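Asks: Fold the stuff below for me.
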Amino acid sequence: MLRRKSQVLVRLLVLVPLLGVNSSARSKSLRGVKLAGLHPGEKLSRAYGRFGKRYVNQYLSSARSAVWVDPCTTQQLTVQFGLNGTIRRITVGPMPGKIEVICNNKAYSRTTRARFGTNRGLLVGDSCGRIQELYGTPISDTGGLRNRELQAMKYLSSDRTGELKLEIDCDTGNSQVERISLSDSTN
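Replies: Below you'll find the predicted structure:
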């Protein structure tokens, strides 16, 4: 999927507390947030068990990442991991290039696509308006990163174990979620 130059991306950065505690009354608890059924800190073997080690795309993967591709929805799941095999970052977004495949209608259903979504039900292709419905109002916003119109939504943790980052890219040209990433605070 190629991006048109005229389209502007909005990146929503959500720092998610591990304990789900945040200081905004309007924010919703984000305890236990997952993407594609995975959570940073889990072992890579969980991703292999969920999506199949034999289905890893060897051409798109690297020494520190495993990539699965869904050619029917043209989405890819990238799981980056550390030296000890612990998941550090999970990203769902468009796969590179274009591919022609014949898929049955079930492959496009929301239920089938949900395996690459968040545990709150946010999927690539959803309306950007769903983000605040599911994750609440941010504590703070920032913008203007990397010559694009970007908005950063932040939820701060009050525990000692650290924070997670949930980043959501929205294409303002068609007002759809384009990419979702979940990572630990070191990424």
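Asks: The top helix by length along the chain - what's its average pLDDT?
Replies: Of all the elements of type helix in the chain, the one with the most residues (DSSP state H) is helix 44-51. Here helix 44-51 scores 96 as its mean pLDDT.
Asks: Can you give me the buried ones in that helix?
Replies: Within helix 44-51, the residues scored as buried using 16 or more other Cβ atoms under 10 Å are Leu44, Ala47, Tyr48, Phe51. For the C-beta atoms, the positions are set from N, CA and C on the backbone; glycine is no exception.
Asks: what sits up against the following helix or strand past it?
Replies: For helix 44-51, the following helix or strand on the C-terminal side (DSSP states H and E) is strand 65-70. Identification of contacts with strand 65-70 by Cβ atoms under 8 Å, 6 or more residues apart in numbering yields 44, 47-48, 51-52, 55-57, 60-61, 75-81, 95, 107, 116.
Asks: Can I have the buried ones of those residues as a PyMOL selection?
Replies: Those of those that count as buried under 16+ other Cβ under 10 Å are selected in PyMOL with:
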select buried, resi 44+47+48+51+56+75+76+77+78+79+80+81+95+116
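Asks: check contacts around Val124.
Replies: By Cβ under 8 Å, 6+ apart, the neighbours of Val124 are 73, 75, 92-94, 113, 116-117, 176-180.
Asks: any idea how far it is from Ser45?
Replies: According to Cβ to Cβ, to the nearest Å, Val124 and Ser45 sit 25 Å apart.
Asks: Next: Asp126.
Replies: 30 Å.
Asks: what do you get for Thr112?
Replies: Applying Cβ to Cβ to Thr112 and Ser45 gives a distance of 24 Å.
Asks: Show me where this protein dips below the pLDDT cut-off.
Replies: Low-confidence regions of the chain, defined by pLDDT under 70, span residues 1-31, 137-162, 187.
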